[in-house]
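[1] No sequence on hand, only this structure:
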């Protein structure tokens with residue numbers, strides 16, 4: 001079987017030259033699918049694997065055209081009879097971000113999803129729909145030909161929506177919205193996605209997210225399941241202006257983050273002064289061990305990083321943004 005796979009990849013390479021990295025990825029996929037196909041088990045497992053891969057590839061192909069455009073994923077209730085104030089706020093948020101040349105990523109359905117797409121317009125909305133027997137159909141504010149994909153599985157849909165997004169706005173909603181909210185926070189908390197702002201949007205007199213936060217504080221934090229500082233990953237916003245301001249502030253100085261070996265590297269727009277770099281070590285001492293924070297060049301700060309505690313990384317980003 002290895003010889004057959006190598007022969008196939010050799011023919012493919014002659015027809016369409018691919019990088020060694022891509023060839024290695026293809027080899028891994030082929031080996032895994034052959035192994036799964038030959039296992040004496042339920043063929044349904046193989047169908048799920050193939051369908052999931054197809055969905056992820058289709059989504060990746062759609063998003064590739066906007067790879068360099070910032071994207072805001074908006075989650076919220078699919079019900080159309082929810083508070084009209086929330087629908088209007090979702091519409092305004094979509095419009096405000098589109099004016100700033102952001103793309104909106106939504107579930108493509110009704111309710112909050114439709115309102116945000118209406119605000120952003122067809123040219124600034126990417127849809128990732130879910131196929132359900134009772135709901136939901138793509139709303140009319142999405143270009144179904146080139147800017148919409150449909151998913152059979154919720155897990156592939158969440159990957160497709162979260163992986164390319166640079167920021168997240170979450171409106172009140174039901175079980176699906178809660179699933180998406182905790183998924184995003186889990187990814188950020190464990191470093192499985194790039195650092196990003198998360199705004200929990202409610203009407204000015206709303207209590208949805210404050211009650212949610214009370215549950216987190218009184219049950220999850222009080223039970224020592226997470227630390228009190230972990231909630232720095234989210235901000236509750238009671239106006240569209242607050243949400244936009246929070247998203248923009250996150251990128252006011254911070255540009256990117258990567259890990260190389262046992263060092264992390266944060267790229268910034270404005271170089272810090274020696275005083276600011278020293279204060280950073282005081283504000284977030286966890287990464288000040290060893291040589292501490294080092295200015296590699298005028299726009300890159302490095303520090304010791306063991307691949308854990310992405311909450312402290314968020315505190316570093318917040319401090320960096322406060323410099324401007």
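    Structure's in. What do you need? These numbers come from a predicted model, not from an experiment.
[2] which residues in the stretch 101-250 of the chain form strands?
    Taking DSSP state E, counting those that start in this stretch, the strands of the stretch 101-250 of the chain run over residues 103-106, 125-130, 148-151, 167-170, 198-201, 235-237.
[3] Sheet-wise, list the partners of the fourth one with their directions.
    The reference is to strand 167-170. When sheet partners are counted by DSSP bridges, strand 167-170 sits next to strand 71-75 (parallel), strand 198-201 (parallel).
[4] quick one, which of these is packed in tightest?
    Each of the strands paired with strand 167-170 was scored by mean neighbour count; the highest is strand 71-75, a mean of 27, by mean count of other Cβ atoms under 10 Å. Any C-beta I mention is one placed from the backbone N, CA and C, and that applies to glycine too.
[5] before we move on, the earlier item: just say which of the strands of the stretch 101-250 of the chain is most tucked in.
    strand 103-106 (a mean of 28).
[6] packing partners for that one?
    Of the remaining helices and strands, those touching strand 103-106 by 3 or more Cβ pairs under 8 Å, 6 or more residues apart in numbering; DSSP states H and E are strand 71-75, helix 84-99, helix 112-120, strand 125-130.
[7] can you tell which of those is closest to residue 36?
    Comparing the helices and strands packed on strand 103-106 against residue 36 with Cβ to Cβ, the closest turns out to be strand 125-130 (24.8 Å).
[8] Neighbouring strands of that closest one in the sheet, and parallel or not?
    Pairing partners of strand 125-130, with direction, according to DSSP bridges: strand 103-106 (parallel), strand 148-151 (parallel).
[9] Present those as a markdown table; the columns should include mean pLDDT.
    Supplementary listing: the strands paired with strand 125-130 in a markdown table, determined by pLDDT from 0 to 100:
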| stretch | mean pLDDT |
| --- | --- |
| strand 103-106 | 96 |
| strand 148-151 | 93 |
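[10] want to throw the ones you listed into JSON lines with distance to residue 259?
    Putting the strands paired with strand 125-130 into JSON lines (distance: least, Cβ to Cβ, whole Å) gives the following:
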{"stretch": "strand 103-106", "distance to residue 259": "26"}
{"stretch": "strand 148-151", "distance to residue 259": "30"}
